[in-house]
Structure formats: C-alpha cells, structure tokens
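J.: dropping a prediction and its sequence here:
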Amino acid sequence: MSKLKITLVRSTIGALKDQKATVEALGLKKIRSQVIREDIPAVRGQVFKVKHLVSVEEIAD
C-alpha cells in the first residue's frame, strides 16, 4: 500500500476551528513538520479539508 508524506506549509492562525483540529489530528504541530500516513480514504479526506495549509507527496513502497 502506498503512503502519503504530509507537510504543514502554512500557519493555522486564522483557520477555522475544525481545520485546526484536522491538522492536529494528522499529527502536524509546527510549520514544516512532516508525517507519513497510509493512503486511505479517511486520510485523503482530512488532507482535502486542509489542502490550502499542507503539501502532499505520494511515497511508493
């Protein structure tokens, strides 16, 4: 299964509460922090919700 490398590239200051909660649920804390998550529909949905704050790269196994 492929994975996603998710990087926080913009600040959550001024973002909506649910967007801040989504960023935190992904495991991102500071700008330029990165996490690797499985490429599943739930994670894709979270990324879509905060697509203006993060960048995503696909990592093939």
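T.: Received, thanks. Numbers count the residues shown, from 1 in each chain.
J.: buried residues in the helix or strand where Ala21 lies?
T.: Element membership for Ala21, per DSSP states H and E: helix 17-26. Across helix 17-26, burial judged by 16 or more other C-beta atoms under 10 Å covers Thr22, Val23, Leu26. Any C-beta I mention is one placed from the backbone N, CA and C, and that applies to glycine too.
J.: ok, now which ones touch the residue located most distally from the centre of the chain?
T.: Relative to the centre of the chain, the most outlying C-alpha is that of Asp61, 19.5 Å out, by C-alpha atoms, centre = their mean. Contacts for Asp61 (C-beta atoms under 8 Å, 6 or more residues apart in numbering) come out as Met1, Ser2, Lys3.
J.: at 10 Å what do you get?
T.: Met1, Ser2, Lys3, Asp39 (C-beta atoms under 10 Å, 6 or more residues apart in numbering).
J.: any idea how far Lys5 is from Ser55?
T.: The gap separating Lys5 from Ser55 is 9 Å, by C-beta to C-beta, to the nearest Å.
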